[in-house]
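Trainee: no sequence for this one, just the structure:
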């Protein structure tokens, strides 16, 4: 893995005319996101149980149309990671008649009724890959069929990796579905990481113009981000996720036990998205991560379960407020425009998604600092926490300015030719999604991180 | 074209135990559709102008959530076909915040503001085919850009024919869109028949998870049916339209002048869907067709314009009531399950869609009669009008019972293994969508129309 950690500091030292703007008030031409500031959002304490005073309420309601709530038999942070057959933690994604629950907990695949109550028809197609199938396919088939003899389960096992997230692989899902005579009442189940979830979701959205689907994410990346919110799709040779649909699942089932088999590099990749939530909207969560990063890397079950839950809460709230990415939801893509360029330019599958996003976040933070929108202390904290999470803090050395610009020009956030970016602005936990920035800052950031 | 007209009468003479049920009251287990009966639907006269007393009101409102209305400067049936630069007839498809107008009239492509007001961004991709491009592409580009210098128009010209309605061809649209650096604010324009509209619509639904699109249908088939209602998709080698999305356009622009270049066989194909509306829900329209079929075949502009408008009104009302095909909308597929089997089994592109649907409708009507659900006079009238429209009234001789059964088993209307069909039941203009029928009637119909 070609990963240098020097480029970042080089870029800072070569940064001309850097100054920190003292004005953090919303600029009328920017889409300024400060939902995490208590003054902007009505936070309501949950009546469900004891709250840890050190963090935001488990149940909170925004003043806008969105709502999330977490229910659990025990509400202590430590409870969600315990391995027992207790009730799961539930984070609700509120989207009107398309709302759905995210179940989080240990041993959930042994609680068969959880899955079964979300299967409507008699036929299920489990979409998984060559890595996950030997580990969890039987368990999932059991969960779907135990005490439920009317349901028959087919499966399709795809090759593993981002480089297979394409139309050819997608067609294998359709082929299997049609050969198996699945009809509109069938349910697709995505069993795997983000690639499987995105492909299975798009297949479910398009098969017979839409069938039910369920997400069973097995990586931190999928559990904290990609399985929640209904973004589905495949890559095109010229760019990531350019073909797809917004399509919501019936439920997301996160059995934290599946992380026991996750490779270290995949674990770290998922933590990039966890760190992202802290940066864009949840400073308190970022501070918790600063205190607990070594626990996360060491797979402390309680720490992981808490990070997953808190991430899902953040994601669910944003998706509830802006399902189709009119504005707010785009902020979840901090570092992703740079990161997608790395994934596309460097070849899908060379770097994991979270690795590319980590480097991309460093570049977005660098650019935010060049624009004078954040303090240097944030720059340092971002770099430090990514290093502790064993993530890259600069793009691969083979990436050129031209490669970045070429891929970034087809980013989904381009509007009428203008590239909009998510950049940090103000105190930790605040960001903007804007096309109004000094182009020189972008050029300077690209130059600082690329050799040519 | 392998088209026999004898099988139909053969099937009738071999029909065992046929009797006409005298009970047309809704069966609780059926989905019984009788919206066209005045007693069931509140019809409201339009206040927009003079009404032809011989037909239903141009503007009518159902008692359910749907609504259609037609506005025109002149409301005489004859007005819509006149070739002049007057205001178009407008049929509104009422789908809440996704509502859109269908513009119908002569010379509409010369009224540039009609198209331009539905283009939001600065870039447009016209998707058309090798037949239509030389005839109308320049005209459409003019309509999009005249007096509108901010808009740039790209195009992609696909091969013509149902056999190209597949994933490989669809990818050419994505390739062009990405190469052209189109972003989320772009608009796709479908210029052509049903195949182009279905593919362009699915491409628009999936590109960047959804961009705007406009339908400019140039065949009777597309103008009276496929361009309205948001069904998009492509074929799979094992079945028609198995991959797709429900995705509504910004508007449908029907310039009836484009029919001047339509081949006779394509014209007849479109009339199959026109006849369908009469059979399933609009007996008065069917009777009008019985009086005017020779005018339609002779391309009398007024007759064609009226048939298009009346068909769009029927389609818009059904779509408004049941966008996602929960039940009612399925009735628009009279004859389509048999017809899709012909298209798939006989090879895409051998028969035109409407030709297969015509034979399929004859089979559905035959089966309805075998079940005792309709009078023999309806059987005869259907056969007669299809012959006058120069359409097939039996499947190709190469179709076998096994071929029908194999394709019909993957039809989108199969639910938990049960094939539901649209069948006529009661007086002319009434149908049911049901899985509750005597399997023997289906077997007998298939046997009657197939040599093996």
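Mentor: Okay, I see it. Since the structure is predicted, the reported quantities are computational estimates derived from the model, not experimental observations.
Trainee: not counting sequence-adjacent ones, nearest residue to whatever residue of the stretch 251-400 of chain A ends up closest to chain B?
Mentor: Closest contact between the stretch 251-400 of chain A and chain B, by C-beta to the nearest C-beta, is at residue A:324 (7.6 Å). C-betas here are computed from N, CA, C, even on glycine. Nearest residue to residue A:324 in three dimensions, chain neighbours excluded: residue A:246, at 5.7 Å (C-beta to C-beta, 6 or more residues apart in numbering or on different chains).
Trainee: and the gap between the residue of the stretch 251-400 of chain A closest to chain B and residue B:209?
Mentor: Distance of residue A:324 to residue B:209, computed by C-beta to C-beta, to the nearest Å: 8 Å.
Trainee: show me which of those two is the more surrounded one.
Mentor: Set residue A:324 next to residue B:209 and count neighbours by other C-beta atoms under 10 Å in any protein chain shown: residue B:209 wins out with 23 against 11.
Trainee: ok, back up a step: in contact with the residue nearest to residue A:324, which residues?
Mentor: A:230-232, A:323-324, B:209-210 (C-beta atoms under 8 Å, 6 or more residues apart in numbering or on different chains).
Trainee: cool, and residue A:184?
Mentor: Under the criterion of C-beta under 8 Å, 6+ apart, the neighbours of residue A:184 are A:121, A:208, A:210-211, B:412-415.
Trainee: so which bits of the stretch 301-450 of chain A are right by chain B?
Mentor: By the rule C-beta under 8 Å from any C-beta of the partner chain, the part of the stretch 301-450 of chain A lying against chain B is A:324, A:409-410, A:412-417.
Trainee: how about the helices in chain A?
Mentor: Listed in chain order, the helices of chain A (DSSP state H) span A:7-13, A:112-116, A:138-145, A:167-179, A:194-206, A:220-221, A:264-281, A:283-297, A:301-321, A:336-345, A:353-370, A:376-388, A:401-408, A:439-449.
Trainee: export the ones you listed as JSON lines, with columns for mean neighbour count and mean pLDDT.
Mentor: What follows is the helices of chain A, written out as JSON lines (neighbours: other C-beta atoms under 10 Å in any protein chain shown; pLDDT from 0 to 100):
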{"stretch": "helix A:7-13", "mean neighbour count": "17", "mean pLDDT": "28"}
{"stretch": "helix A:112-116", "mean neighbour count": "17", "mean pLDDT": "95"}
{"stretch": "helix A:138-145", "mean neighbour count": "18", "mean pLDDT": "97"}
{"stretch": "helix A:167-179", "mean neighbour count": "18", "mean pLDDT": "97"}
{"stretch": "helix A:194-206", "mean neighbour count": "28", "mean pLDDT": "98"}
{"stretch": "helix A:220-221", "mean neighbour count": "29", "mean pLDDT": "98"}
{"stretch": "helix A:264-281", "mean neighbour count": "25", "mean pLDDT": "98"}
{"stretch": "helix A:283-297", "mean neighbour count": "18", "mean pLDDT": "98"}
{"stretch": "helix A:301-321", "mean neighbour count": "25", "mean pLDDT": "96"}
{"stretch": "helix A:336-345", "mean neighbour count": "26", "mean pLDDT": "92"}
{"stretch": "helix A:353-370", "mean neighbour count": "28", "mean pLDDT": "97"}
{"stretch": "helix A:376-388", "mean neighbour count": "18", "mean pLDDT": "98"}
{"stretch": "helix A:401-408", "mean neighbour count": "18", "mean pLDDT": "92"}
{"stretch": "helix A:439-449", "mean neighbour count": "19", "mean pLDDT": "97"}
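Trainee: residue A:432 is nearest to which of those helices?
Mentor: Checking these against residue A:432 by C-beta to C-beta gives helix A:353-370 as the closest, at 8.8 Å.
Trainee: what angle do the closest one and helix A:401-408 make?
Mentor: Taking axes from the mean of the first three to the mean of the last three C-alpha atoms, to 10 degrees, helix A:353-370 and helix A:401-408 form an angle of 110 degrees between their directions.
Trainee: helix A:353-370 packs against which elements?
Mentor: Counting contacts by 3 or more C-beta pairs under 8 Å, 6 or more residues apart in numbering or on different chains; DSSP states H and E, helix A:353-370 packs against helix A:7-13, helix A:264-281, helix A:336-345, helix A:376-388, strand A:421-424, helix A:439-449.
Trainee: what helices and strands are in contact with the third one?
Mentor: Contact partners of helix A:336-345 among helices and strands, from 3+ C-beta pairs under 8 Å, 6+ apart: strand A:239-246, helix A:353-370, helix A:401-408, strand A:421-424.
Trainee: okay, the helices of chain A in a markdown table with distance to residue B:361 next?
Mentor: Compiled in a markdown table, those are given as follows (distance: least, C-beta to C-beta, whole Å):
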| stretch | distance to residue B:361 |
| --- | --- |
| helix A:7-13 | 68 |
| helix A:112-116 | 41 |
| helix A:138-145 | 40 |
| helix A:167-179 | 25 |
| helix A:194-206 | 28 |
| helix A:220-221 | 51 |
| helix A:264-281 | 54 |
| helix A:283-297 | 61 |
| helix A:301-321 | 45 |
| helix A:336-345 | 50 |
| helix A:353-370 | 51 |
| helix A:376-388 | 65 |
| helix A:401-408 | 51 |
| helix A:439-449 | 60 |
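Trainee: grab the nearest non-local neighbour of residue A:240.
Mentor: Residue A:240 sits nearest to residue A:340 (C-beta to C-beta, 6+ apart), 4.6 Å away.
Trainee: and for residue A:190?
Mentor: Nearest to residue A:190 is residue A:200, by C-beta to C-beta, 6+ apart, at 3.5 Å.
Trainee: just checking, that neighbour touches residue A:213?
Mentor: Yes: Residue A:200 is in contact with residue A:213 according to C-beta atoms under 8 Å; the separation is 6.4 Å.
Trainee: list residues touching both of those two?
Mentor: Residues touching both residue A:200 and residue A:213 (C-beta under 8 Å, 6+ apart) are A:188-190.
Trainee: quick one: which of those is most hemmed in?
Mentor: residue A:190 (31 neighbours).
Trainee: so who does it touch?
Mentor: By C-beta under 8 Å, 6+ apart, the contact set of residue A:190 is A:127-128, A:196-197, A:199-201, A:213-217, A:227, A:249.
Trainee: I'd like those as CSV, with distance to residue B:450 appended.
Mentor: Output for the contacts of residue A:190, formatted as CSV (distance: C-beta to C-beta, whole Å):
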residue, distance to residue B:450
A:127, 37
A:128, 41
A:196, 43
A:197, 44
A:199, 39
A:200, 38
A:201, 40
A:213, 38
A:214, 41
A:215, 44
A:216, 45
A:217, 49
A:227, 48
A:249, 42
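Trainee: closest one of those residues to residue B:107?
Mentor: The nearest one, if we look at the contacts of residue A:190 relative to residue B:107 and count by C-beta to C-beta, is residue A:201, at 44.6 Å.
Trainee: is the closest residue to that closest one other than its chain neighbours bridged to anything, and to what?
Mentor: Excluding its sequence neighbours, the residue lying closest to residue A:201 (C-beta to C-beta, 6+ apart) is residue A:232, at 3.1 Å. Residue A:232 has these beta-bridge partners by DSSP bridges: residue A:245.
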